[in-house]
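Colleague: Build me a model:
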Amino acid sequence: MALLGAAPMMALAIYWMNRSPWPGSEGAKGPMTAQGLYQQAARESQDGNRAATERHLRMALGVIASPDASANDRRWELRVRSSLATMVSARGELREAREIAAPACRMGPDNAPPESLVSAGLCDQ
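Modeller: The predicted structure follows:
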């Protein structure tokens, strides 16, 4: 019986945890990281907020481009560039999308373009 009384509190705690800022994201404590901003962009995307999703992906690219970016931030570059380029392409701005994707087009094995970007028309084979 005591467990049933805790269920509403647990549900509230889980809801609150899902809404709190990701570590390393905008609004969280500490420095922003590419991973934190990407995760915040993913949450905004699930909420259907395309403008905020794109803004957080661009912020993540800014963190990655920073001269003092960590190795962990740089590991997120392919994922961030692919997601942002796909969003921009869906908006109909293919030229800008290809510019965003260009560095990622050389990040596959043996500098081959990732298949997802080739199939989206953002990298040449």
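Colleague: Give me the contact list for stretch 77-86.
Modeller: For stretch 77-86, the external contacting residues (C-beta atoms under 8 Å, 6 or more residues apart in numbering) are 34, 38, 41, 54, 57-58, 60-61, 64, 97-98, 100-101, 103-104, 107, 114, 116-117, 120, 122. (Each C-beta comes from the backbone N, C-alpha and C, glycine too.)
Colleague: got the contact list for stretch 46-60?
Modeller: 25-26, 32, 34, 37-38, 40-42, 44-45, 76, 80, 83-84, 87-88.
Colleague: Who are the contact partners of the residue nearest to the spatial centre of the chain?
Modeller: Centroid-nearest residue in the chain, with C-alpha atoms, centre = their mean: Tyr38, separated by 2.6 Å. By C-beta under 8 Å, 6+ apart, the contact set of Tyr38 is 56-57, 60, 76, 79-80, 83.
Colleague: Tell me the spacing between it and Asn111.
Modeller: 23 Å (C-beta to C-beta, to the nearest Å).
Colleague: Now, of the contacts of stretch 77-86, which are buried?
Modeller: 34, 38, 41, 54, 57-58, 60-61, 64, 97-98, 100-101, 104, 107, 114, 116-117, 120, 122 (16 or more other C-beta atoms under 10 Å).
Colleague: quick revisit: so how do I select the buried members of the contacts of stretch 46-60 in ChimeraX?
Modeller: To isolate the buried subset of those in ChimeraX, counting by 16+ other C-beta under 10 Å, use the following:
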select :25,32,34,37,38,40,41,44,45,76,80,83,84,87,88
